[in-house]
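*Asks:* Below are the sequence and a predicted model; questions follow.
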Amino acid sequence: MSIRRRLWARALTALMIAATPALAIDIPVVYLKQVRDAPPVLSNLDPLPEDLGLAGAEVGLADNKTTGGFMGHNYTLEMAVVPVGDDIAKAAEEALARSPFLILDVQGADVTAIADLPAAQSALLFNAADPSPALRGEDCRTNVFHTLPSLTMRADALMQFIRFKKWDKLALIEGTHAGDLAWSKAMTDSATKFGLKIRKSKTWAFDADMRRNAAQEVPLFTQELGDYDLLLVADELNDFARYIPMNTWLPRPVAGSEGLVPTTWSRVVEQWGAAQLQSRFHEHAARDMRPQDYAAWAAIRTVGEAVTRTGGNDPKALRDYILSENFELAAFKGRPLSFRTWNGQMRQPIPLVTQTALVAQAPLPGYLHQRTELDTLGTDQPESTCKAFQ
């Protein structure tokens, strides 16, 4: 559909909505959170907020109510917290008895276990916390949408920038935790995809206090990497990466989990009206909006947009609309977001940021695609191992 026809279609839909008498419907949403034990890290400078994710959903709820209030749409949000070790499947069944719309703050196997519950077959589940490529691949489920970008999408965004900069010689430091290894693999696979090569890598296995030893240990550790243009760091726990920049043996830029970071969202994103969302979130939560907050916000806003456009709350009708070419979500990233029909992943630009600035936003110019340039980030349809959506 051309841009002009799409604009006409959206304008016509808006007029039809305005002319339709308000029909009172309820749209209850449950934010299901599994509490997890966090492994120890070298620094406690950035503790995770207790309302991580939930705060984003709450801001999205307020946005939905702004439009829904004029149309008789009653949005509610409930949080269900599952303590460490408790039965997540049982909690999910109880949540599904109250709502067919769940935002999942759970990990890996728990996402698929919830999706496979009989009560979930007619529900809409939104994965707002797990970036695993497998959940968008061989472990995909037709009732699960992913509003958090995959590791593959983030890695592809970074590699597009590296190719643009012509940094051909790469080195890598990876941590030992599962998240570190997954991020390291994503960056390594993406480097291969874009014709780049990581020439040497090392594993970070220090357990000493780097606040005192970084200036001595890091230069020696990185000296063995030889010459390189850019040092990639895989540290998803935000454990040691903060001590790498400015302490390397060679004066080289750092990227990955520190330095230049590909991310879902950051406080430094201010263009495309994003400053307005940042301000509203900060007013609500008294902190900066984080990637998981944005993913939860996008999840509940997806429900709100679909309900507004279809005028109903039937999960099947909403799913069909969300996967159609008519669905678009204005989400403060410079272009409307949509969902991939082959694995349920939300298409979205990926900001490349430092602590204080937006450096670039992928997809970068020159990376073309027959459908949309957003599909240059992550697993494209021909390479997808997701069979459920077929």
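*Replies:* Happy to help now that I have it. Numbering: from 1, shown residues only.

*Asks:* Which elements pack onto the helix or strand containing residue 217?
*Replies:* For residue 217, the element it lies in under DSSP states H and E is helix 210-223. Judged by 3 or more CB pairs under 8 Å, 6 or more residues apart in numbering; DSSP states H and E, helix 210-223 is in contact with strand 169-174. In short, each C-beta sits where N, CA and C put it, glycine included.

*Asks:* how distant is the helix or strand where residue 298 lies from the center of its chain?
*Replies:* Using DSSP H and E, residue 298 maps to helix 291-310. Averaging C-alpha positions (CA atoms, centre = their mean, to the nearest Å) puts helix 291-310 13 Å from its chain's average.

*Asks:* likewise stretch 314-326?
*Replies:* For stretch 314-326, the distance to the chain centre is 21 Å (CA atoms, centre = their mean).

*Asks:* ok, now stretch 324-334?
*Replies:* For stretch 324-334, the distance from its own C-alpha centre to the chain's C-alpha centre is 15 Å (CA atoms, centre = their mean).

*Asks:* these two touch, right, residue 204 and residue 176?
*Replies:* Yes: between residue 204 and residue 176 there is a contact at 7.2 Å, judged by CB atoms under 8 Å.

*Asks:* Looking at those two now, which is surrounded by more residues?
*Replies:* residue 204 (21 against 14; other CB atoms under 10 Å).

*Asks:* Contacts only, for the more buried one.
*Replies:* By CB atoms under 8 Å, 6 or more residues apart in numbering, the residues touching residue 204 are 173, 174, 175, 176, 221, 235, 240.

*Asks:* before we move on, back to that, direction-wise, compare the helix holding residue 217 with strand 169-174 and give the angle.
*Replies:* Between helix 210-223 and strand 169-174, the angle comes out at 140 degrees (axes from the mean of the first three to the mean of the last three CA atoms, to 10 degrees).

*Asks:* Now do the host helix or strand of residue 162 and strand 169-174, the angle between them.
*Replies:* Residue 162 is part of helix 151-165 when elements are defined by DSSP H and E. With the same axes, to 10 degrees as the basis, helix 151-165 and strand 169-174 are set at 150 degrees to each other.

*Asks:* hey, C-alpha coordinates of helix 151-165 in CSV?
*Replies:* Taking C-alpha atoms only, helix 151-165 is exported to CSV below (Å, rounded to 0.1, in the frame of the first residue of the first chain):
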residue,chain,number,x,y,z
LEU,A,151,19.7,-9.9,20.6
THR,A,152,20.0,-10.4,16.8
MET,A,153,18.4,-7.1,16.1
ARG,A,154,20.7,-5.2,18.5
ALA,A,155,23.7,-7.0,17.1
ASP,A,156,22.8,-6.2,13.5
ALA,A,157,22.3,-2.6,14.4
LEU,A,158,25.8,-2.4,15.8
MET,A,159,27.4,-4.2,12.9
GLN,A,160,25.7,-1.9,10.4
PHE,A,161,27.4,1.0,12.2
ILE,A,162,30.8,-0.8,12.3
ARG,A,163,30.6,-1.5,8.5
PHE,A,164,29.7,2.2,8.0
LYS,A,165,32.8,3.2,10.0
